[in-house]
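Enquirer: build me a model:
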Amino acid sequence: MTNLDAEIEREQGPAQRLTRQPELAETAGLAPRSKRDMFRMLAAQEMLARREALLRGLRQRGALIVEATPESLASGVVDRYLEVKERGLI
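Expert: Alright, predicted model coming up:
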């Protein structure tokens, strides 16, 4: 467990709420036209890879993840809560 994993688990418990950043995925998928674009694209790809590794680790330890855009986060949390309740996990 990394320090960040421990900090997230301590602050939020087994249920995690993460805001998806569509602009990051968009930047990671762009075809670079300059060196600056290339570095931005590579940085975005690395950030996404690290984020996925973190989420995978949290899920493996049983965390319930809600990942959504800021606009849909509230409904995503409610949907996940209802799913967890229906499955008898709470």
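Enquirer: and the top helix by length along the chain, average pLDDT?
Expert: In the chain, taking DSSP state H as the definition, the longest helix is helix 35-60. The average pLDDT within helix 35-60 is 93.
Enquirer: buried set for the helix or strand following it?
Expert: Downstream of helix 35-60, the first helix or strand assigned by DSSP states H and E is strand 64-68. Neighbour counts over strand 64-68 (16 or more other CB atoms under 10 Å) mark Leu64, Val66, Ala68 as buried. Yep, even glycine has a C-beta here, placed from its N, CA and C like the rest.
Enquirer: same question, stretch 66-78
Expert: Across stretch 66-78, burial judged by 16+ other CB under 10 Å covers Val66, Ala68, Leu73, Gly76.
Enquirer: and the furthest pair within these?
Expert: Across the buried residues of stretch 66-78, no pair lies farther apart than Val66 and Leu73, at 7.2 Å, counting by CB to CB.
Enquirer: ok so, going back, I'd like to know which of the buried residues of stretch 66-78 is nearest to Ser34.
Expert: Looking across the buried residues of stretch 66-78 and measuring by CB to CB, the closest to Ser34 is Ala68, at 32.6 Å.
Enquirer: who's in contact with the closest residue to that closest one other than its chain neighbours?
Expert: Closest residue in space to Ala68, ignoring its immediate chain neighbours: Gly76 at 3.8 Å, by CB to CB, 6 or more residues apart in numbering. With contact taken as CB atoms under 8 Å, 6 or more residues apart in numbering, Gly76 is in contact with Val66, Glu67, Ala68.
Enquirer: understood, closing this out.
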